[in-house]
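Undergrad: Let's see this in three dimensions:
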Amino acid sequence: MPRSGTLRLRLLWIAALLWLALLGLLLALFSFVGENAWLVVLLLYLPRHPWLVPGLLLLPFALRKGRRGLLVPLAAGALLWLFPIMGFVLPHPVASGSQARLRVLSYNTTHTVDGVDSLRALARDTQADLVLFQWTSHEAEEALSGPGFEGWTVRRADQFTVASRFPILSLETAGVPAESGAPCAHAVLDTPIGPLDVIDIRPQSARYEIGAARHRGIRQRVRDLIADAWEGQAHERTLLREAQVRSIADEIARATHPVLVAGDTNLPGGSLYLRRYFGGMGDAFVEAGWGFGYTHPARLPWMRLDRVLLGPGLHAVSFEVLGRRVSGHRPVRADIVRQ
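TA: Purely as a prediction, here's the structure:
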């Protein structure tokens, strides 16, 4: 092989290995640094599709004769990107059985922007037994108290609305409050699969830390972000978010029945807080869904924020991310059984 060809091949190998190392570094930052550093918070919430671009650019060169060995690091990088970084779940068989099940619908309504009729149709068409809405208003109660919902119990606490075909024995807010209110509402229900502690959650979003909540130009947002990071305000907001998530975990620990947690976690895949505080729970999407499961932003989602998490004794037999509606989030539906 001519010297120029040898040099070119060496540079291609360096580029492929650097890309693989960069993906490994990204995973290490998610796993060991997480929300403790503002830059990692930004990486967690930005789209992750562009991380595949270097591998795609190198692929045509790797397909040429004499360079097929490059396919090994490129394949390894593609697998890192697809599974741990993007969160893809492969299709897998789910044993449904014939036991009693509870169908759960969870939806961040963005202050019920869909309106009464649309929310009512959503709950009716999904044939839900338990509806958990976040960031709601009185319109959610109106939607779930109309025709077709005779006999339902509908309760609202702060930003949360809980509606059920079965008795709601209690409902109260809990956790460390923030600008958006309490991070969760804790309900106790009597259901066909037994009594449950149901926790409807929506801790504060990281959008205040990454500038997404500011309706300004890109240049001004960048200036504000740098100023917030320099003055420590971004870190203070992160500490508040962690305090909220920790308080939800404390509420889960106080439960006396099998626990079902659902709602807008505001924690994307790879989040250190998600693993630290909810890592011991089952994930209905992982147990019974497949694909990416992204729910936000609704128009073209790239993050899985909306989840159904299950404590010991509960198992998911189906999970689906529903179609886009008016809210910035997509609803999720899961069928839950006792193990």
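Undergrad: just the helices in the stretch 101-250 of the chain please.
TA: Using DSSP state H, counting those that start in this stretch, the helices found in the stretch 101-250 of the chain span residues 116-125, 138-143, 207-210, 218-231, 233-253.
Undergrad: ok, of these, where does mean pLDDT dip lowest?
TA: Lowest mean pLDDT within the helices of the stretch 101-250 of the chain: helix 218-231, a mean of 57.
Undergrad: List the buried residues in stretch 294-306.
TA: 294-298, 301-306 (16 or more other Cβ atoms under 10 Å). Just so you know, the C-beta spots here come from the backbone N, C-alpha and C atoms, and that holds for glycine as well.
Undergrad: Let me have these in CSV, adding distance to Phe149 and secondary structure as columns.
TA: Below are these laid out as CSV (distance: Cβ to Cβ, whole Å; DSSP: H, G, I helix; E, B strand; the rest coil):
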residue, distance to Phe149, secondary structure
Tyr294, 30, coil
Thr295, 25, coil
His296, 27, strand
Pro297, 29, coil
Ala298, 25, coil
Pro301, 29, coil
Trp302, 34, coil
Met303, 31, strand
Arg304, 29, coil
Leu305, 27, coil
Asp306, 23, strand
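Undergrad: Tell me which residue is most central in the chain.
TA: Leu305 (2.0 Å; Cα atoms, centre = their mean).
Undergrad: Correct me if wrong: that one contacts Asn266.
TA: Yes: counting by Cβ atoms under 8 Å, Asn266 is a contact partner of Leu305 at 5.8 Å.
Undergrad: okay, and the common contacts of those two?
TA: Here Leu305 and Asn266 share no contacting residue, scored by Cβ atoms under 8 Å, 6 or more residues apart in numbering.
Undergrad: about what we covered before: identify the residues contacting the residue nearest to the centre of the chain.
TA: Leu305 neighbours (Cβ under 8 Å, 6+ apart): 264-268, 295-296, 329.
Undergrad: Among those, which are located in strands?
TA: Asp264 (DSSP state E).
Undergrad: Identify, from the contacts of Leu305, the entry nearest to Thr161.
TA: Asp264 (13.2 Å; Cβ to Cβ).
Undergrad: Please tell me how far the closest one sits from His49.
TA: Asp264 sits 22 Å away from His49, going by Cβ to Cβ, to the nearest Å.
Undergrad: more neighbours, those two?
TA: Asp264 (27 against 11; other Cβ atoms under 10 Å).
Undergrad: Thought Asp200 was touching the more buried one, still the case?
TA: No: the criterion here is Cβ under 8 Å, and Asp264 misses it with Asp200 at 9.5 Å.
Undergrad: shared neighbours, these two?
TA: What both Asp264 and Asp200 touch, as defined by Cβ under 8 Å, 6+ apart, is the set Gln134.
Undergrad: the domain parsing of the chain - what is it?
TA: 3-85, 101-338 (automatic domain parsing).
Undergrad: Tell me which of those domains lies nearest to Pro91.
TA: domain 101-338 (4.2 Å).
Undergrad: what about the closest one, how long is it end to end?
TA: Start-to-end span of domain 101-338 (Cα to Cα, to the nearest Å) is 8 Å.
Undergrad: One more: stretch 168-188?
TA: 6 Å.
Undergrad: Show me what counts as buried in it.
TA: 168, 171, 173-176, 178, 180-188.
Undergrad: any low-confidence regions in the stretch 1-150 of the chain?
TA: 1-4 (pLDDT under 70).
Undergrad: Find the residue closest to Ala243 in space, skipping its chain neighbours.
TA: Counting by Cβ to Cβ, 6 or more residues apart in numbering, Ala243 lies nearest to Val176, which is 4.7 Å off, once chain neighbours are set aside.
Undergrad: Leu240 is in contact with that neighbour, correct?
TA: Yes: the criterion here is Cβ under 8 Å, and Val176 meets it with Leu240 at 7.5 Å.
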